[in-house]
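>>> Need coordinates for the following:
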Amino acid sequence: MAEFAGGRLFLLGSSLIAIGTAGFYYLPGMIEADAAGSRLINSIYCSTMTLTTVGYGDICPGADMDIIGRAFIVVLSFCGLGMFCGPVMNFASSWTEDVPGGAIGAALTTLALGIGLFTVLEDFSETEAAYFSFITGTTIGFGDRSPASDAGKIAAAIFAILVINVTGGLLEPAASFLSSYCMKRDVAIIEGNGNGNGKKEL
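Got it, this is the predicted structure:
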């Protein structure tokens, strides 16, 4: 049986984030001109939020982004969808049975981590931090809450990668059930007494 290569997943994910970071850093208009903080950290943040499809829409893309920048974001977004809807979801379903408490335990721990991080780094209330963590984990990313400090942006980027993996593990049983439910079943005729009683649904 084939085993999931976590090292390859890490290498692929890191490479995509690096490529995205370079694009946001060097291409003109990719980040709002008045965005506070380090441009490098903003680029890492925007790259990660694009790849994870969270996309808060706070500092990126910029209002002056040209056609090259738009094309870059389209390609990067497709890479992110392929990455997080494919290998990351497969990886997420591989570890849930090995963690104490399973996917639910991991989800509660990750939520507590998000609350702790963003109450300290971004001065969110506990309710705001929990809401922000949930919106990030489900990749909705409304943008009504987003990190403002450099430390908060780095934390949000790392947290997004972690929490989406946990969300994938949490949703895997539901995804498997719904996929099975929506699959059309074939009817095979097994040799029997010749009167059709040998039909069996597969």
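>>> Look up the closest residue to Thr110, ignoring the ones flanking it.
Closest residue in space to Thr110, ignoring its immediate chain neighbours: Val166 at 4.7 Å, by CB to CB, 6 or more residues apart in numbering. Every C-beta, even on glycine, is put in place using the N, C-alpha and C of the backbone.
>>> If you could redo that for Ala157, that was the one I meant.
Thr48 (3.9 Å).
>>> From start to finish, how long is stretch 129-144 in a straight line?
Distance between the boundary residues of stretch 129-144 (CA to CA, to the nearest Å) amounts to 12 Å.
>>> Which secondary structure elements does the helix or strand in which the residue nearest to Thr110 is found sit against?
Here Val166 sits within helix 150-182, counting by DSSP states H and E. Contacts defined by 3 or more CB pairs under 8 Å, 6 or more residues apart in numbering; DSSP states H and E place helix 150-182 against helix 39-51, helix 87-95, helix 102-121, helix 126-137.
>>> Now do the third one: everything it contacts.
Among residues not part of helix 102-121, those counted as contacts by CB atoms under 8 Å, 6 or more residues apart in numbering are 96, 99, 101, 124-126, 128-130, 132-134, 136-137, 147, 149, 151-152, 155-156, 159, 162-163, 166-167, 169-170, 172-173.
>>> cool, and stretch 140-159?
Contacts to stretch 140-159, defined as CB under 8 Å, 6+ apart, come from residues 36-38, 41-42, 44-45, 48-49, 53-58, 113-114, 117-118, 121-122, 124, 128, 131-133, 135-136.
>>> Can I get the buried ones among those as something I can paste into ChimeraX?
Buried subset of the contacts of stretch 140-159, written as a ChimeraX selection, criterion 16 or more other CB atoms under 10 Å:
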select :37,41,42,44,45,48,49,53,54,55,56,58,113,114,117,118,121,122,124,128,131,132,133,135,136
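>>> what about dumping the CA coordinates of stretch 75-89 to CSV?
Extracted C-alpha coordinates of stretch 75-89, given in CSV (Å, rounded to 0.1, in the frame of the first residue of the first chain):
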residue,chain,number,x,y,z
VAL,A,75,-2.2,31.0,-11.9
LEU,A,76,-1.2,31.0,-8.2
SER,A,77,-4.9,30.5,-7.2
PHE,A,78,-5.2,27.5,-9.4
CYS,A,79,-2.0,26.0,-7.9
GLY,A,80,-3.4,26.7,-4.4
LEU,A,81,-6.7,24.9,-5.2
GLY,A,82,-4.9,22.0,-6.7
MET,A,83,-2.6,21.8,-3.6
PHE,A,84,-5.2,22.2,-0.8
CYS,A,85,-8.0,20.3,-2.5
GLY,A,86,-5.7,17.5,-3.4
PRO,A,87,-2.5,16.5,-1.5
VAL,A,88,-3.4,18.5,1.7
MET,A,89,-6.8,17.0,2.0
